[in-house]
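1. Next come a sequence and a model predicted from it.
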Amino acid sequence: MITQGHESWKATVISADRFLMNQKNSRLFPFTWVILALGLIIFPITSHAGDGDDLVKAASTGNLSRVLALIEEGVDVDLKNNNGTTALIASIDEGHEEIVHALLDKGANVDQAKNGVTALIMASSLGQETIVQALLTKGAQVNLKDDFGGTALKYARTLKIKKLLKAAGGKENERIPDDEVKRCRYGADHMIQFAKQSLSEPTSRPERIEKRRKLVEDWSSRLEQGENPCSVYMDIQKAATTF
């Protein structure tokens, strides 16, 4: 079942998408799909049927016993939910180390990705040192790139992670062209505006509103402090993977 709020957001996003598509020489076309993806962040589908959804939900909420039970029942460890998210990606995003280890031990694909963001890139950018080590131990390809050519080393949040990645042969990505940075900033600004509009959605639960508010504040603050807009853009993509 999809919430009324989700339908309202979907209608808003579709209207915005049509507007951008109709703009002559608009440079926003590459970002319309990301705006649509933002709908997954702000108005997640509240209930699904299917083992993929059950496994991802158990992983994202830290329910190890449920994760193991579902796998024991025969659920594919790499099965995706309706949003294309896997249990490994969900558990990394939430920082559930025990579940990450369990999934890897059960044969989860160590190089899986969502929206161009690999499991290793996600863990590296979130500063999850233990998880980065676990992924590398299981054979994660250290130099896989996201949609902007960035590697896990490019987004490493801690010195220890940088050392781990370099020891595994990690390389920095090439410099992102200025025009690409401008497109990232333009798209990020527009996505943040859409997100701000959702804060007044009357059908959403208070805890969901608070989570959106924190996301918006974080994205906005990082842009104001001069962080590379493409890094912020990538984090918005990451956020879309588990909702």
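-> The structure has been received and is ready for your questions. Numbering: from 1, shown residues only.

2. Which residue ranges of this structure form helices?
-> Across the chain, reading from the start of the chain, the helices by DSSP state H fall at 4-21, 32-42, 51-60, 64-72, 87-94, 97-105, 119-125, 129-137, 159-167, 178-198, 206-224, 229-239.

3. quick one, which of these is nearest to L153?
-> Checking these against L153 by CB to CB gives helix 159-167 as the closest, at 4.5 Å. Any C-beta I mention is one placed from the backbone N, CA and C, and that applies to glycine too.

4. Pull the residues that contact that closest one.
-> Helix 159-167 has contacts (CB atoms under 8 Å, 6 or more residues apart in numbering) with S124, G127, E129, V132, Q133, L136, V142, T151, A152, L153, A156, G170.

5. same deal with stretch 92-99?
-> For stretch 92-99, the surrounding residues in contact (CB under 8 Å, 6+ apart) are 59-62, 64, 67, 87, 91, 100, 119, 122-123, 126, 128, 130-131, 134, 238-239, 241-242.

6. quick one: which of the contacts of helix 159-167 has the most company?
-> A152 (33 neighbours; other CB atoms under 10 Å).

7. Apart from its neighbours in sequence, what residue is nearest Q128?
-> Leaving aside its sequence neighbours, Q128 sits nearest to G95 (CB to CB, 6 or more residues apart in numbering; 6.2 Å).

8. what's the burial count for the one you found?
-> Burial of G95 is recorded as 15 neighbouring residues (other CB under 10 Å).

9. And the one 3 residues further on, by the same measure?
-> Other residues near E98 come to 11 when the count uses other CB under 10 Å.

10. now swap in the one 4 residues further on and tell me
-> Neighbours of A102 under the rule other CB under 10 Å: 20.

11. Would you confirm that it contacts G62?
-> No: at 11.3 Å, A102 and G62 do not qualify as touching, with contact defined as CB atoms under 8 Å.

12. Now do the shared contacts for the two.
-> Contact criterion CB under 8 Å, 6+ apart; residues shared by A102 and G62: none found.
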